[in-house]
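Novice: Please find the sequence and the predicted model below.
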Amino acid sequence: MPTPEKEALVAQLHQDIEDHPSIYLAEFHGLSVEDMNDLRGRILQAQGRLQVAKNRLLKLALQDTDAQQLIEYLDGPTAITFCKDDPVAVAKAFATFAQEYEYVAIKAGVVEGRIVDGQQAAHIASLPPRQQLLAQVLAGLVAPATGLVRLLGAASSSLVFTLQAIADKRQSQESSQ
């Protein structure tokens with residue numbers, strides 16, 4: 001028989017899953033409380049939130065959500081990470097932590113509505129930060145317009161210099177006569 005506390009926890013987890021566009025399920029083995037707090041701090045610094053829950057409760061919370069395909073990854077110790085803004089930063093935080101502690105890895109997740117496995121999550125962690133990606137996209141969008149402006153500027157400059165040369169030539173011819 002479920003306790004009211006567990007029912008409330010499942011309801012809260014379900015709401016958090018619905019409210020966050022990106023989540024990760026991570027496995028961890030043999031971490032001390034200090035190490036787990038270090039991981040939580042790194043995730044928090046990356047604008048995420050890490051929560052450990054029993055797989056049985058996570059399974060109930062994932063049902064009837066866009067992330068319910070993650071139920072198949074609920075095996076062994078599992079932590080769920082909620083990302084509101086930048087899933088890349090949270091994946092990077094996991095990746096850097098995993099370099100120090102080999103017992104931590106992302107099993108799977110949902111990133112902007114798409115299911116990703118651990119390998120895809122590792123690829124996400126290798127991406128540049130969100131601000132840098134946005135700057136690269138903006139530079140790509142602006143580059144053709146900048147080239148066009150330079151081309152038009154060069155053409156109009158050539159026209160102005162040509163007209164000036166013609167005017168100078170006529171003026172020198174008039175003054176010589």
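Specialist: In hand now; what should we look at? This one's a predicted model, so the numbers in the text were calculated from it and none came from an experiment. Numbering: from 1, shown residues only.
Novice: For the rest of this, base every contact and every neighbour count on C-alpha atoms.
Specialist: Noted.
Novice: so who does Lys92 touch?
Specialist: Counting by Cα atoms under 8 Å, 6 or more residues apart in numbering, Lys92 touches 124-126.
Novice: Equivalent analysis for Leu74, please.
Specialist: Counted by Cα under 8 Å, 6+ apart, Leu74 has contacts 55, 58-59.
Novice: between those residues, which is closest to Lys169?
Specialist: Using Cα to Cα, Leu58 is the member of the contacts of Leu74 that lies nearest Lys169, at 85.3 Å.
Novice: mind listing what the closest one touches?
Specialist: Counting by Cα under 8 Å, 6+ apart, Leu58 makes contact with 10, 13, 71, 74.
Novice: that older thread, adding secondary structure and neighbour count, write the contacts of Lys92 out as a markdown table.
Specialist: Output for the contacts of Lys92, formatted as a markdown table (DSSP: H, G, I helix; E, B strand; the rest coil; neighbours: other Cα atoms under 10 Å):
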| residue | secondary structure | neighbour count |
| --- | --- | --- |
| Ile124 | helix | 20 |
| Ala125 | helix | 20 |
| Ser126 | coil | 14 |
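Novice: which residues in this structure form helices?
Specialist: Using DSSP state H, the helices assigned to the chain run over residues 4-19, 33-45, 55-62, 87-100, 118-125, 130-176.
Novice: most packed of those?
Specialist: Of all those, helix 87-100 carries the top mean neighbour count, a mean of 20, counting by mean count of other Cα atoms under 10 Å.
Novice: For that one, C-alpha coordinates in CSV please.
Specialist: Provided in CSV are the C-alpha atoms of helix 87-100 (Å, rounded to 0.1, in the frame of the first residue of the first chain):
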residue,chain,number,x,y,z
PRO,A,87,20.8,20.6,-21.5
VAL,A,88,24.4,21.0,-22.9
ALA,A,89,25.7,22.6,-19.7
VAL,A,90,24.2,19.9,-17.6
ALA,A,91,25.6,17.1,-19.8
LYS,A,92,29.0,18.8,-19.6
ALA,A,93,28.8,18.9,-15.8
PHE,A,94,28.1,15.1,-15.8
ALA,A,95,31.0,14.5,-18.3
THR,A,96,33.5,16.4,-16.3
PHE,A,97,32.4,14.7,-13.1
ALA,A,98,32.6,11.3,-14.8
GLN,A,99,36.2,12.0,-15.7
GLU,A,100,37.0,12.0,-12.0
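Novice: between it and helix 118-125, how many degrees?
Specialist: 110 degrees (axes from the mean of the first three to the mean of the last three Cα atoms, to 10 degrees).
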